[in-house]
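*Asks:* Build me a model from this:
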Amino acid sequence: MKRKHLTAAALILAMWLIAIFTWCTESPRAAQAEPLQTVDLTWEPIPEYVPPEPVIIETYVPEFIAYEDVPLPEDMQIFMQQECKELDLSYEFALALMETESSFNPDAVGDGGRSVGYMQINQCNWQRMADDYGLDVSDEKENVAAGLRILRELFDQNTDPYYVILCYKAGIGNGAKLYEQKKWVGDTYDCIAICERAAQWERSHGK
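*Replies:* Numbering: from 1, shown residues only. Predicted coordinates for the structure are as follows:
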């Protein structure tokens, strides 16, 4: 009885081994085994760091800026600065002269009605300003433009601001005589004070 059990066990073991052998030799998986995949372990070079271009933020600074310490409307100041640049004149010098002429009053009238406006253009120049420059001295801006052109004419004669002030105030004939006599201060003019006032504005505005 014991022998029969052993024989049966041996038979089962033999059949199991045959089945395993057959599966290993005939299985498509074993016959067509996929090749092992290789892994590329090479490293790409790290690119050199290039910093980004700096961002430049431009701040707009206007070319002409009205002075807060000057009692003139902003548009008149900008106009006057533009005219001074075109005529190569000092804006501060023109302001200082205007202050003594009209105290920045566009309706100022002097010399018994013969001088008018911001720049107190004298009657002897009214028609000449119209003929030479097409300017109407009764208009506020054109009055300023006329005064600045008279200054330009005087500076072309003599670059000394004292000469220009004296001739603007007293006329070319009388002004030239006062200049020769070195009379820098008079009842209706003060060359020293006007130039100091212009320098004060230049300093306060970084010029």
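*Asks:* Tell me which helix or strand comes right after the helix or strand of the chain with the lowest mean pLDDT.
*Replies:* Across the helices and strands of the chain, mean confidence by mean pLDDT, DSSP states H and E is lowest for helix 28-31: a mean of 48. Sequence-wise, the next helix or strand downstream of helix 28-31 (DSSP states H and E) is helix 74-87.
*Asks:* List the buried residues for that following helix?
*Replies:* With burial defined by 16 or more other CB atoms under 10 Å, the residues of helix 74-87 counted as buried are Met76, Gln77, Ile78, Phe79, Met80, Gln81, Glu83, Cys84. Placement of C-beta: from N, CA and C, glycine included.
*Asks:* residue ranges of the strands in the protein, please?
*Replies:* 109-110, 115-116, 121-122 (DSSP state E).
*Asks:* want to throw the ones you listed into a markdown table with mean pLDDT and distance to Asp131?
*Replies:* Compiled in a markdown table, the strands of the chain are given as follows (pLDDT from 0 to 100; distance: least, CB to CB, whole Å):
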| stretch | mean pLDDT | distance to Asp131 |
| --- | --- | --- |
| strand 109-110 | 96 | 23 |
| strand 115-116 | 98 | 18 |
| strand 121-122 | 97 | 14 |
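*Asks:* mind putting these in a markdown table, distance to Lys207 and mean neighbour count included?
*Replies:* Converted to a markdown table, those look like this (distance: least, CB to CB, whole Å; neighbours: other CB atoms under 10 Å):
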| stretch | distance to Lys207 | mean neighbour count |
| --- | --- | --- |
| strand 109-110 | 30 | 14 |
| strand 115-116 | 30 | 20 |
| strand 121-122 | 27 | 20 |
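*Asks:* Please consider this matter closed, and thank you.
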